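J.: Mind looking at a prediction? Sequence and model below.
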Amino acid sequence: MKALRLMGWKSEPELVEVPKPTPGPGQVVVKIGGAGACHSDLHLMHDFDAGMMPWQLPFTLGHENAGWVEAVGDGVTTVSEGDAVAVYGPWGCGTCERCRLGTENYCENPLGAPVLSGGGGLGMDGGMAEYLLVPFERLLVRLPDGLDPVTAAPLTDAGLTPYHAIRRSWPKMTPTSTVVVIGVGGLGHLAVQLIKATTAARVIAVDNRRAALDLAGAVGADHTLESDASTAGAIRDLTGGRGADVLLDFVGADATIELARSAARSLGDVTIVGIAGGSVPLSFFSQPYEVSIQTTYWGSRPELVELLDLAARGALHIESTTYSLDDAARAYRDLHEGRVRGRAVIVP
């Protein structure tokens, strides 16, 4: 079968032929219906040197996956051949306290995990292929009626990651509060919709691309602002001088973290989701009193179940650009050059 594999660090992926996987006991082979291309994959290709990650090359890319059960190994009881499923992306040890709660994204026993807290497309073979071997049936979630794999695939990360970040700040997203979404691309345009679907807060979308702001407005943002030196002041003007109650940074650069911190209201949340490598100095007076600054990573399996249900009910519109498996490498080039509207999805 064809698979898009990362053959070496700081290199472009290659489409090669590999054997079709066969499930062992407790394992499941999924016929891929959709596999999302993520900005984090670009970091894998361009930024990591040998030894920075505890993963062995080569492996197949693609950590946002959905499709249909092709074959099951002995002992599998929760899914059957032909079932439409999404693949929960973070693969932990399955036995620690966090994993037993379904939060394998925060596995506390990485040495017992398959690839030291990686997953399919992150150290193990992912879904940029015709078929994907899923090592444990607990990593699969049945798709609700009416939700197809092409739509579901990007939700497993591009939807789940913002949903987790939003969910943890729900108590601060009241009808009188304001939430700022910084960066309204593949994750951010879903974040805008998730905030509007699950809270009554106002949403301000911030980006330096006019097309991204137009998309944010189309999916429900109350205000859109171009990112420049005046943006923090504009946010304060829109909030009566108080600042925003929750700020979600889907970029994570120096400038966007500083924007989020400087535009926050006292008692507010600043959550850094993007991994652009930014940092800012932190001191007692560097932000308003009692502003919480945190990072998040992916989301939990129970949250994925909730998210897929929301999508099946029509609460989300996933803006996506689809590519064939033969064009998967081009999808990443388009992503790198900012030519993708919404999320890039590979459809074998």
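T.: Now that the structure is in, tell me what you want to look at. Numbers count the residues shown, from 1 in each chain.

J.: Can you get me a residue count around residue 230?
T.: Neighbourhood size, residue 230 [other Cβ atoms under 10 Å]: 11. All C-beta spots, glycine's among them, are computed from the backbone N, C-alpha and C.

J.: ditto for residue 194
T.: For residue 194, using other Cβ under 10 Å, the count is 22.

J.: go on, the one 4 residues further on?
T.: As a burial measure, residue 198 scores 16 neighbours (other Cβ under 10 Å).

J.: domain parsing for the protein?
T.: Taking automatic domain parsing as the reference, the chain has its domains at 2-142+318-346, 160-295.

J.: end to end, how far does the first one reach?
T.: Meaning domain 2-142+318-346. End-to-end span of domain 2-142+318-346 (Cα to Cα, to the nearest Å): 13 Å.

J.: What of the shortest one?
T.: For domain 160-295, the first and last residues are 15 Å from each other (Cα to Cα).

J.: The chain should start at 178 in everything you say after this.
T.: Done: numbering now begins at 178, and the last item shifts to domain 337-472.

J.: check contacts around residue 286.
T.: Going by Cβ atoms under 8 Å, 6 or more residues apart in numbering, residue 286 touches 269, 270, 272, 273, 276.

J.: of all those, which two lie farthest apart?
T.: Within the contacts of residue 286, two members stand farthest from each other by Cβ to Cβ: 269 and 272, at 8.6 Å.

J.: higher neighbour count, the two?
T.: residue 269 (27 against 11).

J.: Can you tell me the element that one falls in?
T.: Assigned by DSSP states H and E, residue 269 falls within no helix or strand.

J.: how about the nearest residue to it, chain neighbours excluded?
T.: residue 284 (2.9 Å; Cβ to Cβ, 6 or more residues apart in numbering).

J.: wait, doesn't the one you found sit right on residue 274?
T.: No - the pair residue 284 / residue 274 is not scored as a contact, 9.7 Å apart, by Cβ atoms under 8 Å.

J.: Same drill for these two, tell me which one is more crowded.
T.: Per other Cβ under 10 Å, whichever of residue 284 and residue 274 has more neighbours is residue 284, with 22 against 11.

J.: Against residue 228, how distant is that one?
T.: For residue 284, the distance to residue 228 equals 22 Å [Cβ to Cβ, to the nearest Å].

J.: Same check on residue 374?
T.: Separation of residue 374 from residue 228 (Cβ to Cβ): 43 Å.

J.: And those two? Which one has more around it.
T.: Neighbour tally, residue 374 and residue 228, criterion other Cβ under 10 Å: the higher count belongs to residue 374, 16 against 7.
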